[in-house]
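Participant: I would like the atomic coordinates for the input below:
(2 chains)
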Number of protein chains: 2
Amino acid sequence: MTDPSMRLPDPFLAALEDFPPDFATAEAADLERYGTDWTTVYPPHASLLVRPRSTAEVSRFLALCHAHRVPVVPSGGRTGLAGGAVARAGEVVLSLERLRALGPVDTLGMTVRVEAGAVIEALHAHAAEVGLTWPIDFAAKGSAMVGGAIATNAGGLRVIRYGLTRQWVLGLQVVTAQGEVLELNGALEKNNTGVDLRQLFIGSEGILGVITAATLKLTRLPAAVSVFLFALDSLQAVLTLFEAARQGPFTVMAYEFFTDKCLARVTRHRKLKAPFEVSSSHYVLLEVEQVEGTLDGWLQSLFDSGLVTDGTLAQNGEQAKELWTYREAISESLSATGLPHKNDIALPISRLHAFCVDLEVLLQKSYSDFELCLFGHIGDGNLHVNIMKPEAMDKAAFLARTHEVDAAMFDRVRAHLGSVSAEHGIGLLKRDWLGHTRSPAEIALMRSLKASLDPQGILNPGKVL
Amino acid sequence: MTDPSMRLPDPFLAALEDFPPDFATAEAADLERYGTDWTTVYPPHASLLVRPRSTAEVSRFLALCHAHRVPVVPSGGRTGLAGGAVARAGEVVLSLERLRALGPVDTLGMTVRVEAGAVIEALHAHAAEVGLTWPIDFAAKGSAMVGGAIATNAGGLRVIRYGLTRQWVLGLQVVTAQGEVLELNGALEKNNTGVDLRQLFIGSEGILGVITAATLKLTRLPAAVSVFLFALDSLQAVLTLFEAARQGPFTVMAYEFFTDKCLARVTRHRKLKAPFEVSSSHYVLLEVEQVEGTLDGWLQSLFDSGLVTDGTLAQNGEQAKELWTYREAISESLSATGLPHKNDIALPISRLHAFCVDLEVLLQKSYSDFELCLFGHIGDGNLHVNIMKPEAMDKAAFLARTHEVDAAMFDRVRAHLGSVSAEHGIGLLKRDWLGHTRSPAEIALMRSLKASLDPQGILNPGKVL
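Facilitator: Numbering: from 1, shown residues only, chains lettered A, B, ... in the order given. Predicted coordinates:
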């Protein structure tokens, strides 16, 4: 760990004179703002902010940092939720935000070359002009940048349809800790020529190299989608419906679930009517496209079988949006109506039910005063586990007890062969739990990769490992 | 490179006594058979064949090899076309064929755990019993094994629909050169916990570790598919049709192309009628599923626009199979009617046309006596370039001249940012050309990964690097 009081070496500071005048800044407001991300629990302590305008500048700057052992936090839209972009020990923040060019869309190859600092929403608009999209879609897309999405292998709402970010990156331009520029894979769909080095950098949270540009794979915009909301009386029913949906006469775009506790907070905060007259314990939002035949028949079969207690199919785009709101407003509503302690975990789908039973037993036994708000991308085995602070409980006492719950819950995640971080990454927040998902041999191998690619340990020190 | 006359060390041979009696064999016929793959150009020279029955045996055996610096060739169905599974310098062949268990299919999670030696066709039959499939499909699937498909990141006929093997592997069990067993990712769809180590081993052709088992992701069997065959008068038309097809009212399952020269050899060898009355220079096989609306209207629009010179839509499964034969019988027909010199290259789709123009100029200028038979998975930018030996030319002279053509062609592949191996891998066959696709920095990084994972260099020595 770097000394929080570190002072940047004088020869390093002198060499910065060779960069453009607005390349670096040490303004307190900038350091405060760029030193943190959406995780918010770590006080920022950056010593410098640099904002290169080209890959060549990134390369020259990293070579300089390497020479002087100056630690660097690569920085995109800073929407991460695991502290991966936090500078808390005097690091230099290397923001990619000025590298935001969007190249022309290649409609034949369905690709586009973009710089790392391009905002995902801007990329979506750019590709949509020719009927295409980069199908990575998550709540923070208005601020999140392509480079950050790649560095964290971002997931989101439609992983069940399109997969994770990893699948939508053809080429990667990466600058190593020594300042070497790697051009990996170009615009090739197929290239079986040894180890696929792109994959090392995708999802490695900036500890192995700095992503400066990418050639992205695009797909056509979905045709009309249909959106269902279902009420069910158990998690088992949610899973049985999932199995039925994947055999349904359509392509599943999203399969999202939430409990009555989440719904209650959404309707309270957003002042919405409940979706159904009679409330149920579990809800599923199902979005589909490419429908063969009629959906009414399929819906009727669900009612007939008794699998769902209620259900509705949006009749137009407006209604579809309304149904999505019940799911998309959950995070915001939990924060607006209380203090949630959040976790983002994954289980093998076949273990979801057994895990949730274990979790419920744990909470009932030792933490019966905690309200559990469970939702997530259940079609990917991904649960967002939110525990709400009881109103009467002191915040510090709550945080201490959530740490205990985490320890007990992660033991159960491990027992069910799950992951302590489904899509948010490890960053700082989950570092102490890494060993619950990755074996000592895996961690040793990651350390050896890190030592080999970044021998001075200057890239995002203290993150992940 | 290992000395071809190497003799296995006595202490190593003595330690083999601790394995079951039929674990190892040095029978000449076995060494001949297991020492080679479908590449056939390298005379086999294996010193021993071992066939473990468990991961524990693989682990124990590799630890022994590591201790005695005995080189090992990991071996599956040996259907590779780049010499990746050839033992030509006295190596021990480690066959995974006895590790072939197919676990029960998890229909909720849509996964299955299989051992590396499971034959792909057997896996397909196993999953089809519950309406699912592992969508990796290529000609050699009756012999090729899951472990080999993963180690070579196999492609095949439906990459445009399903992607490469990489996308269909959830968990990987790998034994390292030191005999350590790594269990990577289990059955998780999402697991953003640092570097995704699975990806190191997928496609690395056995030089970093030995794959012993995998948890595979399955998908449902496709519904009814529709198959078109089109005749066109230029490669540009093939590409324009491709762009139109990806915007068509369906999901593209396969987009394959071949020239009149390929078709002529197929009809001659298979004694088939030509598909259309008037012959054209280019042909496209298009397979689609999930059709919205009617295909007749779409087909008519192609005729109206003049994009295709002729076209047909199979009216039933029998006709669909007949149309596929024109494409699938090409490899076999080229070999049956002459001596083809084969290459498997990839280009960015946007560069395909310019590359093919360059290739044609090259051949016309310097090799006008060579017949070029071009076909392949053009929707993935993947061309199978086959040059036929002129009947009057001596075989040795032909091989010498094809080496010259390769050099000139690979220069053009590099100039167009392509790959010297789209899906067959590097193995021994393309090792000298690796630098045409991967930069010195990439090759250095691969070497450092190799040195870190296999410090004694015992795993598939001489392959790839």
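Participant: nearest spatial neighbour of residue A:267, chain-adjacent residues omitted?
Facilitator: Nearest residue to residue A:267 in three dimensions, chain neighbours excluded: residue A:274, at 5.6 Å (C-beta to C-beta, 6 or more residues apart in numbering or on different chains). For glycine as for every other residue, the C-beta is placed from the backbone atoms N, C-alpha and C.
Participant: my guess is that neighbour meets residue A:263, correct?
Facilitator: Yes: counting by C-beta atoms under 8 Å, residue A:274 does reach residue A:263; the two are 6.9 Å apart.
Participant: neighbour-wise, which of the two wins?
Facilitator: residue A:263 (27 against 14; other C-beta atoms under 10 Å in any protein chain shown).
Participant: quick one: contacts of the host helix or strand of that one?
Facilitator: Residue A:263 belongs to helix A:260-270 when assigned by DSSP states H and E. For helix A:260-270, the surrounding residues in contact (C-beta atoms under 8 Å, 6 or more residues apart in numbering or on different chains) are A:272-275, A:279-283, A:325-326, A:329-330, A:332-334, A:336-338, A:371-375, A:386.
Participant: filter those down to the ones in helices?
Facilitator: Counting by DSSP state H, the contacts of helix A:260-270 place A:325-326, A:330, A:332-334, A:336-337 in helices.
Participant: closest one to chain B out of those, please.
Facilitator: Among the ones in helices among the contacts of helix A:260-270, residue A:330 lies closest to chain B (C-beta to the nearest C-beta), at 18.3 Å.
Participant: how much space between the residue nearest to that closest one when sequence neighbours are not counted and residue A:349?
Facilitator: Of all residues not flanking residue A:330 in the chain, residue A:262 sits nearest, at 4.9 Å (C-beta to C-beta, 6+ apart). Distance, residue A:262 to residue A:349, by C-beta to C-beta, to the nearest Å: 20 Å.
Participant: how close does whatever residue of chain A ends up closest to chain B get to residue B:450?
Facilitator: Proximity to chain B, evaluated over chain A using C-beta to the nearest C-beta, is greatest for residue A:199 at 3.3 Å. Distance of residue A:199 to residue B:450, given as C-beta to C-beta: 16 Å.
Participant: likewise for residue A:192?
Facilitator: Counting by C-beta to C-beta, the gap from residue A:192 to residue B:450 is 17 Å.
Participant: between these two, point out the one with more neighbours.
Facilitator: Using other C-beta under 10 Å as the criterion, residue A:192 and residue B:450 rank with residue A:192 on top: 29 against 22.
Participant: list the contacts of stretch A:231-247.
Facilitator: Counting contacts by C-beta under 8 Å, 6+ apart, the residues outside stretch A:231-247 that touch it are A:230, A:252, A:255, A:257, A:275-276, A:278-284, A:286, A:288, A:302, A:307-311, A:349, A:352-353, A:356, A:378-379, B:107-108, B:110, B:131, B:220.
Participant: next: stretch A:345-355.
Facilitator: A:235-236, A:239, A:242, A:378-383, A:385, A:409, A:412-413, A:416-423, B:106, B:108-111, B:186-191.
Participant: out of those, which sit inside strands?
Facilitator: Within the contacts of stretch A:345-355, residues falling in strands by DSSP state E are A:382-383, A:385, B:111.
Participant: which helix or which strand is home to residue A:312?
Facilitator: Under the criterion of DSSP H and E, residue A:312 resides in strand A:310-313.
Participant: using CSV, write out every CA atom in that strand.
Facilitator: Written as CSV, here are the backbone C-alpha positions of strand A:310-313 (Å, rounded to 0.1, in the frame of the first residue of the first chain):
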residue,chain,number,x,y,z
ASP,A,310,-51.0,-12.8,-11.7
GLY,A,311,-49.5,-11.3,-14.8
THR,A,312,-49.7,-8.6,-17.4
LEU,A,313,-48.4,-7.9,-20.9
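Participant: just give me how far it sits from the chain centre.
Facilitator: In terms of C-alpha atoms, centre = their mean, to the nearest Å, the centre of strand A:310-313 is found 30 Å from the chain centre.
Participant: could you do stretch A:206-222 as well?
Facilitator: 14 Å.
Participant: ok, stretch A:101-112 next?
Facilitator: With C-alpha atoms, centre = their mean, you get 25 Å for stretch A:101-112.
Participant: please identify the buried residues of it?
Facilitator: With burial defined by 16 or more other C-beta atoms under 10 Å in any protein chain shown, the residues of stretch A:101-112 counted as buried are A:102, A:105-112.
Participant: now for the residue nearest to residue A:330, how many residues are close by?
Facilitator: The number of residues packed around residue A:262, counting by other C-beta under 10 Å, is 25.
Participant: show me which residues of the stretch 251-400 of chain A are close to chain B?
Facilitator: A:251, A:290, A:292, A:346-350, A:377, A:380-382 (C-beta under 8 Å from any C-beta of the partner chain).
Participant: same thing but 6 Å
Facilitator: A:290, A:346, A:348-350, A:380-382 (C-beta under 6 Å from any C-beta of the partner chain).
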